[in-house]
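Enquirer: With the input below, show me the fold.
(one chain, ligands or ions: 2)
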Amino acid sequence: MTLILGIETSCDETACSVVRDGKEILSDIVRSQSVHNEFGGVVPDLSSREHVKFIDSICMEALHDAGLHIKDIDAVAAVNGPGLVGSLMIGLMFAKGIAIANSIPLITVNHVKAHLYANFLTDEQPEFPFIALVVSGGHTSLFNAQSWDNLEILGTTLDDAAGEAFDKCAKMLGLGYPGGPAIQKASENGDACYHRFPRARTGSYDFSFSGLKTSVLYYIRDTGQENVKMNLNHISASIQEAITEQLLNRAENAMDELGINKLVLAGGVSANKRLREAASDMCSRKNAAVFIPPVKHCTDNAAVVAGYAFRKYEREGFSSMDVNVYSRSSK
Ligand code: KG4
Ligand code: ZN
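Expert: Ligands and ions are numbered 1, 2, ... in the order given. Coordinates of the predicted model:
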């Protein structure tokens, strides 16, 4: 039996969780930072400061909820990248402190793989190989996933991430941050065909959302604020549809061209109701399997960190105490 305490601080959530044997979630605490709301996006320095303020109490709460003491924990895991360097540093250094003070090993975890692991904390789990679409505020990546050690990247975003596109469009519409849930809510009863915003064609599996952003900017300028106010639900639904269609177009092409009949979603944007529905429709039309995590494990959380840490430990053992954080690239 292995009890792992997982820590997530890669962006604007401070999260700690205890998971047994990579499967059984004993506690799952997430604190989302609201200091960024007025800026319409994450301010890195504010994020680090908030993590420093709350990481201790969030970890204590996770242990308390699990009915455990730190002495009961077998290993501590932290995300060390990709993400915001200052924020990652808080989580990793805190984890190292716990490891040294309690003579327990450290396991560092890749943020993207942790997101994917949300699909392995459920009763029905995907088997490799599958096409994986990881969509969040920082990443938009399409993988030919052959195994945990062989995630071949097929495409990535050439500019903004899908979550960033939601956030920036929401800001232009005056909807606040985070933009994804705000646009989803504003879209209720909206007509997704009201206005056709562009779906970028990159000629590859890569994504691009900067054209959409510019087009929303011009649309608001040309039609005026009164129109935005009157037709907010239709405009929001049309933006949501443009993002959804582009994401699923690449995923479907990859499934067809590689002959892989299984799609796995992960990351904050996969919490989106329309994307979930459209991915399920597309897969059922093709007689393919689709795996979408529960909403609470789509956005940043530490249960996926503690869970994936166990799988990583099984393959690679523990991490060195010399390990550092990194902002980009998949390691
Ligand atoms: O995975 P995540 O929590 O953090 C990163 O790794 O970036 O993803 C956060 C992103 C934000 O851009 C947020 O707007 C988006 O996920 N998001 C959504 C929804 N919930 C969160 N986007 C669309 N619809 C949602 N319901
Ligand atoms: Zn994330």
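Enquirer: Measure how buried Glu257 is and give me the count.
Expert: 12 (other CB atoms under 10 Å). In this view, the C-beta of every residue, glycine as well, is placed from N, C-alpha and C.
Enquirer: can you pull out the strands in the stretch 151-300 of the chain?
Expert: 262-266, 289-291 (DSSP state E, counting those that start in this stretch).
Enquirer: Could you check how far whatever residue of the stretch 101-250 of the chain ends up closest to ligand 1 is from Asp65?
Expert: Distances between the stretch 101-250 of the chain and ligand 1 by CB to the nearest ligand atom are smallest at Gly180, namely 1.9 Å. Shown here: Gly180 relative to Asp65, a distance of 27 Å by CB to CB, to the nearest Å.
Enquirer: repeat for Pro293
Expert: Between Pro293 and Asp65 the distance is 21 Å, computed by CB to CB.
Enquirer: One more: Ala200?
Expert: Applying CB to CB, the value for Ala200 to Asp65 is 44 Å.
Enquirer: Tyr313 now?
Expert: When distance is defined by CB to CB, Tyr313 is 23 Å away from Asp65.
Enquirer: do Ala170 as well
Expert: The spacing between Ala170 and Asp65, counted by CB to CB, is 32 Å.
Enquirer: So if I had to pick from the two, which one is more boxed in?
Expert: Looking at Ala170 and Asp65 with other CB under 10 Å, you find the greater number of neighbours at Ala170, namely 25 against 15.
Enquirer: Enumerate every residue touching the more buried one.
Expert: When contacts are counted by CB atoms under 8 Å, 6 or more residues apart in numbering, Ala170 is found next to 40, 176-180, 182-183.
Enquirer: interface residues of the chain facing ligand 1?
Expert: Residues of the chain found near ligand 1 (CB under 6 Å from any ligand atom) are 11, 136-138, 163, 166-167, 178-181, 184, 267-269, 271-272, 299-300.
Enquirer: what's the most centrally placed residue in the chain in contact with, if anything?
Expert: For the chain, the residue whose C-alpha lies nearest the mean C-alpha position (CA atoms, centre = their mean) is Gly267; its distance is 2.5 Å. Listed by CB under 8 Å, 6+ apart, the contact partners of Gly267 are 115, 134-136, 139, 163, 298.
Enquirer: which parts of the stretch 151-300 of the chain sit against ligand 2?
Expert: Residues of the stretch 151-300 of the chain that fall close to ligand 2, judged by CB under 5 Å from the ion: Asp300.
Enquirer: Do a quick rundown of the helices in the stretch 151-300 of the chain.
Expert: Counting by DSSP state H, counting those that start in this stretch, residue ranges of the helices within the stretch 151-300 of the chain are 162-172, 179-186, 210-223, 225-230, 232-258, 273-285.
Enquirer: Of the ones you listed, give the one that comes closest to Phe54.
Expert: Phe54 lies closest, by CB to CB, to one member of those: helix 179-186, at 21.4 Å.
Enquirer: Can you show me the CA trace of that closest one as PDB?
Expert: Backbone C-alpha positions of helix 179-186 (Å, rounded to 0.1, in the frame of the first residue of the first chain) are rendered in PDB as follows:
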ATOM      1  CA  GLY A 179     -13.300  33.000 -19.300                       C
ATOM      2  CA  GLY A 180     -14.200  29.400 -20.200                       C
ATOM      3  CA  PRO A 181     -16.900  28.900 -17.600                       C
ATOM      4  CA  ALA A 182     -18.100  32.500 -18.100                       C
ATOM      5  CA  ILE A 183     -18.600  31.900 -21.900                       C
ATOM      6  CA  GLN A 184     -20.200  28.600 -21.200                       C
ATOM      7  CA  LYS A 185     -22.700  30.200 -18.900                       C
ATOM      8  CA  ALA A 186     -23.300  33.100 -21.200                       C
END
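Enquirer: now that helix: mean pLDDT?
Expert: Averaging pLDDT along helix 179-186 gives 97.
Enquirer: What are the contacting residues of it?
Expert: Residues from elsewhere that reach helix 179-186 (CB under 8 Å, 6+ apart): 40, 163, 166-171, 173, 175-176, 232-233, 236, 239-240, 268-269, 271-274.
Enquirer: and Val35, how many neighbours?
Expert: The criterion is other CB under 10 Å. On that basis, Val35 has 13 neighbouring residues.
Enquirer: Next up, phi/psi of it, please.
Expert: Main-chain dihedrals, Val35, degrees, to the nearest 10: phi -60, psi -20.
Enquirer: can you check Ile29 too?
Expert: The phi and psi values for Ile29, taken as degrees, to the nearest 10, are phi -110, psi 130.
Enquirer: and the residue of the stretch 201-331 of the chain found nearest ligand 1, what does it touch?
Expert: Closest contact between the stretch 201-331 of the chain and ligand 1, by CB to the nearest ligand atom, is at Gly268 (2.1 Å). For Gly268, the contacting residues are 135-137, 163, 178, 180, 298-300, by CB under 8 Å, 6+ apart.
Enquirer: So it versus Ser236, what's the distance?
Expert: With the distance defined as CB to CB, Gly268 ends up 17 Å from Ser236.
Enquirer: tell me what the helix or strand hosting Gly307 is packed against?
Expert: Gly307 is part of helix 303-316, with elements assigned from DSSP states H and E. Applying 3 or more CB pairs under 8 Å, 6 or more residues apart in numbering; DSSP states H and E, one finds that helix 303-316 contacts strand 3-8, strand 13-20, strand 24-32, strand 75-81, strand 106-110, helix 111-117.
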